[in-house]
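**Q** need a structure here:
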Amino acid sequence: MMSFIWRIWFYFLVLVATLVLLPFLFITTLREQFYPYFFKVAKAWSAIILYGMGFYPHFKNRENFYKAEKFILMANHSSMIDIMMMFLLAKQPFVFVGKKELAKMPLFGYFYKRSCILVDRGDLKSRQKAFQQTDERLAQGVNVCIFPEGKVPDDPDITLDRFKDGPFKLAINHSLAIMPISFPDNKKRFPYKLTGGQPGRLRAFVHEPITAKGMELNLKNKRSLSQQTREAILSRL
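**A** You can find the predicted model right below:
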């Protein structure tokens, strides 16, 4: 029973944080040029929710963010709080590439679709449009965050699901670095199922960047990047 009430508290916090910051969220999502300001508001939004839930983020090796100018953030995806953790963790502004379905959520969905690159992975045209938008944001100097599994694994026993090819193709095309990140506690603290979880420490490990600079776009290189990224993330799970 207490676990269920705690879950309801989470959605209440999301609503309250969104309403409190509503004017700032609205203004900073009016234009893409305002995105660095939106990023700061998103950090405050994330802090209200995570600390309000009794979580205590603990970040390791954040200095690795300064070892690459442009990069793609990649982390394991196991919980709804992955988004909040990523906002709090990152030093530089980034844009999420995320599921189109979340844009249907009341209130949250409005700002989600105005601040993220949306993709329907089952629609080729949607994927192509998402890659085009990603190209544009990278050209503006904004980094990108992609969960390479594409979704939270359906099987709760899976630690890290198979990676999609798209993020690694993007890294090679733009000669970007990949910034692997491990969230070892998010699943335990706030699983996707409607019950379970508890307050406590949330660790995030930022690994050494993996560069795709100078790589040719071929299957071998995509697999190599994918494997290196996977090994880095798994090393702290």
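**Q** could you pull out the strands for the chain?
**A** Under the criterion DSSP state E, the chain carries strands at the ranges 55-60, 71-75, 94-99, 117-119, 143-145, 177-182, 200-206, 210-211.
**Q** looking at the ones you listed, which is closest to Ala232?
**A** strand 177-182 (3.9 Å; CB to CB). Placement of C-beta: from N, CA and C, glycine included.
**Q** now the closest one - C-alpha only, PDB.
**A** Extracted C-alpha coordinates of strand 177-182, given in PDB (Å, rounded to 0.1, in the frame of the first residue of the first chain):
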ATOM      1  CA  ALA A 177      32.200  11.000 -29.500                       C
ATOM      2  CA  ILE A 178      29.900   8.700 -27.600                       C
ATOM      3  CA  MET A 179      29.500   9.400 -23.900                       C
ATOM      4  CA  PRO A 180      28.500   6.100 -22.200                       C
ATOM      5  CA  ILE A 181      26.700   6.400 -18.900                       C
ATOM      6  CA  SER A 182      25.600   3.800 -16.400                       C
END
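**Q** just the angle for that strand relative to strand 200-206, thanks.
**A** 150 degrees (axes from the mean of the first three to the mean of the last three CA atoms, to 10 degrees).
**Q** each with direction, which strands does strand 177-182 pair with?
**A** Partner strands and pairing direction for strand 177-182 (DSSP bridges) are strand 71-75 (parallel), strand 200-206 (antiparallel), strand 210-211 (antiparallel).
**Q** just checking, Thr18 touches Leu25?
**A** Yes: Thr18 lies in contact with Leu25 (CB atoms under 8 Å); the separation is 7.0 Å.
**Q** if we can go back for a sec, right, so of the strands paired with strand 177-182, which gets closest to Ile233?
**A** strand 71-75 (6.8 Å).
**Q** so how far is that closest one off the chain centroid?
**A** Here the centre of mass of C-alpha atoms in strand 71-75, compared against the chain's by CA atoms, centre = their mean, to the nearest Å, lies 8 Å away.
**Q** same thing with stretch 91-100?
**A** On the basis of CA atoms, centre = their mean, stretch 91-100 sits 6 Å off its chain's mean C-alpha point.
**Q** same question for stretch 90-101.
**A** Between the centre of stretch 90-101 and the centre of its chain there are 5 Å (CA atoms, centre = their mean).
**Q** thinking again about what came up before, pick the most buried one from the strands paired with strand 177-182.
**A** strand 71-75 (a mean of 26; mean count of other CB atoms under 10 Å).
**Q** ok, back up a step: Thr18 and Leu25: who's more crowded?
**A** Neighbours were counted for Thr18 and for Leu25 using other CB atoms under 10 Å; Leu25 has more, 23 against 18.
**Q** just checking, the more buried one touches Tyr112?
**A** No: with contact defined as CB under 8 Å, Leu25 does not reach Tyr112; the gap is 10.5 Å.
**Q** which residue ranges of the protein form helices?
**A** Taking DSSP state H, the helices of the chain run over residues 2-20, 22-28, 35-52, 82-89, 108-115, 124-139, 166-173, 186-189, 219-234.
**Q** for the third one, list the C-alpha coordinates in CSV.
**A** If I follow you right, that is helix 35-52. Presented in CSV, the C-alpha positions along helix 35-52 are these (Å, rounded to 0.1, in the frame of the first residue of the first chain):
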residue,chain,number,x,y,z
TYR,A,35,17.0,25.8,-25.6
PRO,A,36,20.0,26.5,-23.3
TYR,A,37,17.6,28.3,-20.9
PHE,A,38,15.1,25.5,-21.1
PHE,A,39,17.9,23.1,-20.2
LYS,A,40,18.4,25.0,-16.9
VAL,A,41,14.7,25.0,-16.2
ALA,A,42,14.7,21.2,-16.9
LYS,A,43,17.4,20.7,-14.3
ALA,A,44,15.3,22.5,-11.7
TRP,A,45,12.3,20.4,-12.7
SER,A,46,14.3,17.2,-12.4
ALA,A,47,15.7,18.2,-9.0
ILE,A,48,12.2,18.9,-7.5
ILE,A,49,11.0,15.5,-8.6
LEU,A,50,14.1,13.4,-7.6
TYR,A,51,14.8,15.0,-4.2
GLY,A,52,11.0,15.2,-3.5
